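In: Provided below are the primary sequence and the corresponding predicted coordinates.
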Amino acid sequence: MAGVPVELKGFSLSIEDKLILAGIDLRVEQGEYVSIVGPNGAGKTTLLRCINRIVTGGSGEISVFGRPITQYSQRELARRVSYVPQLDGRALPFTAEQFVSLGRYPYLGPFSAPGEEDRRLVREIMAGTGVTELADRRLDTLSGGERQKVFIAAALAQGADLLLLDEPTSFLDYRHQVEVRRLLERLNRTEGKTVLAVTHNLNDAVASCHRVVALKAGVKVFDGGPAELVRRDKLEEIYDTTFILIGQPGSDIPLVRPGEAG
Amino acid sequence: MRVRKWIVAAIAAFSLVTVLAAPLAGPHQLHLAELWRPGADNIDARIFWDIRLPRVCTSFLAGSALAAAGLAFQAMFRNPLATPFTLGVASGASLGACVYVGLGFTFTIFGFSGEIVGSFAGALLAVGLVYGVSRFKHGFTTGGMLLAGVAVSFFFSSLILLIQYMSDFTKSFNILRRLIGGIQVVGFDAAFELLPFVAGGVAVVISLSHELNLLLLGEDIATARGVNVARTRKIIFITVSLMVAGVVSVCGPIGFVGMMAPHIVRQLLGPDHRVLSLGAVAFGGGFLTLCDTLARTVIAPVEIPVGVITALLGGPFFLWLLMAGSSGRDVW
């Protein structure tokens, strides 16, 4: 189905009289990997949650795949947009396989169980994301990295072409950071998923994505290629702190490190 | 999976045996051969068909409804302590019934007794109050909600006492029945009155199995997976209010069944509501039937109200749940 995966036109949102997002214009093309960066409280998470209507309200327009989100039923929207929330300590009593199967919800009727086709798809996705051996483990017994991969598998089970991720690599150990980043790159590059990911890790963000969007206090302050973002004046303007850029061999984009004041 | 099938079979067997054995228990020893012999002078048949069997049917239906209602609330609020009883819905229903009795109304709406209509209104009022108060300031915590439930419960119970205090003796006795749950029924009228509420409510809860699974994981995940959370919540509020209203107007408020039955079955079967809802409904029915059988046999011929039995079991159970972990992780 045609249509731009994500398009926001002058979208603003206030919660309890506090302006969270102000006049956001954003367009994410088919097959793009876009990272959203910015300081805490900039509205990054809220922006993601507005796109799949976890947060409702606001003014302006949000469309996914060429149709305003208000014209979708929640179930239809779930078939086009999937979501991986931030890792938190909530109780998750299901096994990994049960949890991934719940991703098939938008295709199930009220009394129907997931059919053979659903089960095959779930097995395939779990194999593809490397979580097959975790199938019978309870989610809250998994490590953060294992859990994150299961969450991505569950999002993929929704069969959506647009993947929204909230800090997919935060709180993970180095091995899992790399694994999750490679998984996301593969989903984007070879399986054609459009990815919109909130992240705090600038080096990660610029390594994987085609484009970076920066928010600051609810306003979009940057939208462009990674190379343009990784400049001291730009970063210092966005984050209100100093940075050190370290050139790395084999790449024209330097590594970013927050620097000591001065 | 194999083990789970055996547990399902065991729960089904427990309910079946309880329902079959319960009518035979009691101070009067029944002679099975007498039950099908017609005749107005046949004491055994009268006791079995007019008193014990209707009572067993009523308690099974009530237990099933309370378990289904508790299950739905526990999943929706993501806390095993959140049940219609603890959140004041049962007190609301009692208050509604008392207002009806106390003010001496008599009316029916669409064939439903005014008492049930009053109970339903009271139950909805309680749900609205508790939910509204705990939602009022965006921060929605389970602790806050339980406190609101306790407050609403106390307030409504006081109103009931006030109505009782100002009523004459007959009404007063009638109202006392709304404060303590008990299943003193004769004949099948009560069971038939209860049946549509229980059948309808249980069917709705079972049809929402997928939604309950997802709500258990949190509103954000449920929404992201395609659940219309606001609509589902409304359906659950109305369904639970109807079931609780039906049970309260027939049996009075019977506490803790809605908390214990789903939780015990969840420990046995796991959190998947497609299996859990059926198990909880069967177990809840059997469990309340068992409690009611105890209530009328332990110190026979004197009867203990079944609400007292369930509360005696439920109080310690509630404390145990509370101590087992506030994070919810250990509890589920």
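Out: Sure thing, it's come through. Residues are numbered from 1 along each chain as shown, chains lettered A, B, ... in the order given.

In: Pull the distance from stretch A:107-124 to the chain's centre.
Out: Per Cα atoms, centre = their mean, to the nearest Å, the displacement of stretch A:107-124 from the mean C-alpha position of its chain is 25 Å.

In: Report the backbone C-alpha coordinates of the helix or strand that contains B:Trp6 in PDB.
Out: Assessed by DSSP states H and E, B:Trp6 sits inside helix B:2-21. C-alpha atoms of helix B:2-21 as PDB (Å, rounded to 0.1, in the frame of the first residue of the first chain):
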ATOM      1  CA  ARG B   2       0.400 -32.000  29.400                       C
ATOM      2  CA  VAL B   3       0.500 -30.900  33.000                       C
ATOM      3  CA  ARG B   4      -1.900 -28.000  32.200                       C
ATOM      4  CA  LYS B   5      -4.400 -30.400  30.700                       C
ATOM      5  CA  TRP B   6      -4.400 -32.400  33.900                       C
ATOM      6  CA  ILE B   7      -4.900 -29.300  36.000                       C
ATOM      7  CA  VAL B   8      -7.900 -28.200  33.800                       C
ATOM      8  CA  ALA B   9      -9.300 -31.700  34.200                       C
ATOM      9  CA  ALA B  10      -8.800 -31.500  38.000                       C
ATOM     10  CA  ILE B  11     -10.600 -28.100  38.200                       C
ATOM     11  CA  ALA B  12     -13.500 -29.400  36.100                       C
ATOM     12  CA  ALA B  13     -13.700 -32.500  38.300                       C
ATOM     13  CA  PHE B  14     -13.600 -30.500  41.500                       C
ATOM     14  CA  SER B  15     -16.500 -28.300  40.300                       C
ATOM     15  CA  LEU B  16     -18.500 -31.300  39.100                       C
ATOM     16  CA  VAL B  17     -18.000 -33.300  42.300                       C
ATOM     17  CA  THR B  18     -18.800 -30.400  44.500                       C
ATOM     18  CA  VAL B  19     -22.000 -29.600  42.600                       C
ATOM     19  CA  LEU B  20     -23.100 -33.300  42.600                       C
ATOM     20  CA  ALA B  21     -22.200 -33.900  46.200                       C
END
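
In: next helix or strand past it?
Out: helix B:43-46.

In: any idea of the mean pLDDT for that following helix?
Out: Helix B:43-46 carries an average pLDDT of 83.

In: quick one: the helix or strand that comes right after that helix near chain A?
Out: Per DSSP H and E, the first helix or strand lying C-terminal to helix B:43-46 is helix B:53-77. No - legend: contact between helix B:53-77 and chain A by Cβ under 8 Å from any Cβ of the partner chain is lacking; minimum distance shown is 10.4 Å. To be clear about C-beta, it is placed using only N, CA and C from the backbone, and glycine gets the same treatment.

In: Okay, angle between helix B:53-77 and helix B:2-21 too, please.
Out: If you take axes from the mean of the first three to the mean of the last three Cα atoms, to 10 degrees, helix B:53-77 sits at 150 degrees to helix B:2-21.

In: How far away from the center of its chain is helix B:53-77?
Out: 4 Å.

In: on that earlier part again, now for the helix holding B:Trp6, which elements pack on it?
Out: helix B:53-77, helix B:257-269, helix B:273-297 (3 or more Cβ pairs under 8 Å, 6 or more residues apart in numbering or on different chains; DSSP states H and E).

In: Pick the most buried one from these.
Out: Highest mean neighbour count of those: helix B:53-77, a mean of 28 (counted as mean count of other Cβ atoms under 10 Å in any protein chain shown).

In: Show me what that helix is packed up against.
Out: Partner elements for helix B:53-77 (3+ Cβ pairs under 8 Å, 6+ apart): helix B:2-21, helix B:189-207, helix B:209-215, helix B:229-251, helix B:257-269, helix B:273-297.

In: Let's test this: mean pLDDT of the shortest one, rounded?
Out: What it means is helix B:209-215. 95.

In: other SSEs contacting it?
Out: Secondary elements touching helix B:209-215 (3+ Cβ pairs under 8 Å, 6+ apart): helix A:96-102, helix B:53-77, helix B:219-224, helix B:229-251, helix B:273-297.

In: of all these, which lies closest to B:Gly187?
Out: When the helices and strands packed on helix B:209-215 are compared by Cβ to Cβ, helix B:53-77 sits nearest B:Gly187, at 5.6 Å.

In: so that closest one versus helix B:189-207, what angle?
Out: Compare the direction of helix B:53-77 with that of helix B:189-207 by the same axes, to 10 degrees and you get 30 degrees.

In: Please state the mean pLDDT value computed over the following helix or strand past helix B:53-77.
Out: As assigned by DSSP H and E, the chain's next helix or strand after helix B:53-77 is helix B:89-102. The average pLDDT for helix B:89-102 rounds to 88.

In: Then stretch A:158-177?
Out: The pLDDT scores in stretch A:158-177 average 92.

In: And for stretch A:232-251?
Out: Here the average pLDDT along stretch A:232-251 is 87.

In: what does that stretch contact?
Out: Stretch A:232-251 is touched from outside by A:37-39, A:202, A:214, A:216, A:221-222, A:228-231, A:254-262, with contacts defined as Cβ atoms under 8 Å, 6 or more residues apart in numbering or on different chains.
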